[in-house]
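**Q** Kindly generate the corresponding structure for this input.
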Amino acid sequence: MRTPTFALLVCCALLVVMGAPSAHANDEAVYAKLEAAKAPTVVSVKFVLTVKIMRNGAAVMAPQEQSGSSTGVIVDPSGLIMLPGSAFGVGRLGIPRQMRQGLEIQATPSNIRVVFPGDTKEYDAILGAKDSKLGLAFVLVRELGDKKLTAIDTAQRATPAIGSALYGVTRLDQGFDHAAVISRVDVAGKVSKPRDMWVVRGAEQNVGEPLYNAAGAMCGIVVVQEGVGEDSEQLPFLLPLDVAEGTMASSLKQSKEELDRVLEEEEEAAARAEDEKSGEKKDGDGEDSDGKDSEGKDAEEKDADKKDGGDGK
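**A** All right, here's what the predicted structure looks like:
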């Protein structure tokens, strides 16, 4: 094999350097396009987790509250937000798996609030649905008012190929002004168990979010899945869009039903509280009336005694 000459090495280096600006410029155009088109669909979700740890049904410690946040995407203009199920899971508590053995750990989210891009208001939401198999959770905003939302567009779609580059859009947390971040993800393979999915590298920060191609077409949703068998890894994969769509549709229906149930419970609780308040007021009025009647009877008895005494004389 002939050794490359110095001139040939220099030419190769120049070709790489000359080609770099063009590729970089192309990346800039893709990033700018995706940020403008997709960032409005990405929101921040804040919440409080109430953690209960039990062993054999008995509490190990008093319930603890922990504040948390996650990134989600708007999947329906009515205010349905999709986010990774791990946001509300015990895994985020930082307790190693070995230490969890023999324990029953419950993490219940409350005080859920959604922060939309360019809006400082925090919108109250409820946990509407969870898909434990896919590792996704859905929250529904209770009241949007006049606010209009931009949801992800599943009509513009594409099928990825091994070796292709895809892009994710997420946000940083409140400490960094919820800034939008674009990242590049590589499609490295495909699996058929536990279901058909694409192997993606570099998508850890995009779990629960879509990935797009350079043209902006949606290629699927990033989910974390555990392999079949003992000691199998949990890895991020790209779930085909047709599978994710079914989950989104059923979660929207379930979330609306859950919101109706919550509102009905709140109305019933408010009615009971009003009835109790009215009952207490009536009891108070009755006590005042009884007191006045008693005073009146005492006065009448005194007058009667005086009259009896006068007649005797």
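**Q** show me the contacts for the closest residue to Cys219 other than its chain neighbours.
**A** Computed as C-beta to C-beta, 6 or more residues apart in numbering, the closest residue to Cys219 that is not its neighbour in sequence is Pro160, at 4.6 Å. Placement of C-beta: from N, CA and C, glycine included. With contacts defined as C-beta atoms under 8 Å, 6 or more residues apart in numbering, Pro160 is in contact with Leu166, Val187, Trp198, Leu211, Asn213, Cys219, Gly220, Leu238.
**Q** Also Ala217?
**A** By C-beta under 8 Å, 6+ apart, the contact set of Ala217 is Gln156, Arg157, Ala158.
**Q** Thr170 too?
**A** By C-beta under 8 Å, 6+ apart, the residues touching Thr170 are Val42, Thr71, Ala180, Val181, Ser183, Gln205, Asn206, Glu209.
**Q** In strands only, show me those residues.
**A** Counted as lying in strands by DSSP state E, out of these, are Val42, Thr71, Ala180, Val181, Ser183.
**Q** Which of these sits closest to Gln254?
**A** Nearest to Gln254 among those, counting by C-beta to C-beta, is Thr71 at 21.8 Å.
**Q** Okay, and the beta partners of the closest one?
**A** Beta bridges link Thr71 to Ser44, judged by DSSP bridges.
**Q** could you say what helices and strands the strand or helix carrying Ile53 packs with?
**A** With secondary structure defined by DSSP states H and E, Ile53 is part of strand 42-55. Secondary-structure packing of strand 42-55 (3 or more C-beta pairs under 8 Å, 6 or more residues apart in numbering; DSSP states H and E): strand 64-76, strand 80-84, strand 104-115, strand 165-171.
**Q** Swap in 6 Å and give it another go.
**A** Contacts defined by 3 or more C-beta pairs under 6 Å, 6 or more residues apart in numbering; DSSP states H and E place strand 42-55 against strand 64-76, strand 104-115, strand 165-171.
**Q** quick one: low-confidence parts of the stretch 201-313 of the chain?
**A** Applying pLDDT under 70 to the stretch 201-313 of the chain flags residues 229-231, 284-313.
**Q** ok, which stretches of it are strands?
**A** According to DSSP state E, counting those that start in this stretch, the stretch 201-313 of the chain carries its strands in the segments 210-212, 218-226, 234-239.
**Q** With neighbour count and distance to Thr108 added, can I get the contacts of Pro160 in a markdown table?
**A** Output for the contacts of Pro160, formatted as a markdown table (neighbours: other C-beta atoms under 10 Å; distance: C-beta to C-beta, whole Å):
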| residue | neighbour count | distance to Thr108 |
| --- | --- | --- |
| Leu166 | 27 | 35 |
| Val187 | 22 | 37 |
| Trp198 | 25 | 33 |
| Leu211 | 26 | 31 |
| Asn213 | 21 | 38 |
| Cys219 | 23 | 34 |
| Gly220 | 25 | 30 |
| Leu238 | 24 | 30 |
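**Q** between the residues you listed, which is closest to Glu122?
**A** Nearest to Glu122 among those, counting by C-beta to C-beta, is Leu211 at 28.0 Å.
**Q** Just list the residues touching the nearest residue to that closest one once chain neighbours are set aside, thanks.
**A** Of all residues not flanking Leu211 in the chain, Leu166 sits nearest, at 4.2 Å (C-beta to C-beta, 6+ apart). Applying C-beta atoms under 6 Å, 6 or more residues apart in numbering to Leu166 gives the contacts Val185, Leu211, Asn213, Cys219.
**Q** List the buried residues for the helix or strand hosting the first one?
**A** The one in question is Val185. Secondary structure assigned from DSSP H and E places Val185 in strand 180-191. Buried residues in strand 180-191, counted by 16 or more other C-beta atoms under 10 Å: Ala180, Val181, Ile182, Ser183, Arg184, Val185, Val187.
**Q** Which two among those residues are spaced furthest apart?
**A** Checking the buried residues of strand 180-191 with C-beta to C-beta, the most distant pair is Ala180 and Val187, at 22.6 Å.
**Q** Report the angle between the one helix or strand Val200 maps to and strand 165-171.
**A** Assigned by DSSP H and E, Val200 belongs to strand 197-201. Going by axes from the mean of the first three to the mean of the last three C-alpha atoms, to 10 degrees, strand 197-201 is angled at 80 degrees with respect to strand 165-171.
**Q** Val48 contacts Pro109, doesn't it?
**A** No. Distance between Val48 and Pro109: 7.0 Å, which falls outside the contact criterion (C-beta atoms under 6 Å).
**Q** For the residue nearest to Leu211, name its beta-bridge partners.
**A** Beta bridges link Leu166 to Val185, judged by DSSP bridges.
**Q** Any figure for the gap between it and Lys46?
**A** Distance, Leu166 to Lys46, by C-beta to C-beta, to the nearest Å: 28 Å.
**Q** go on, Glu264?
**A** In terms of C-beta to C-beta, Glu264 sits 26 Å off from Lys46.
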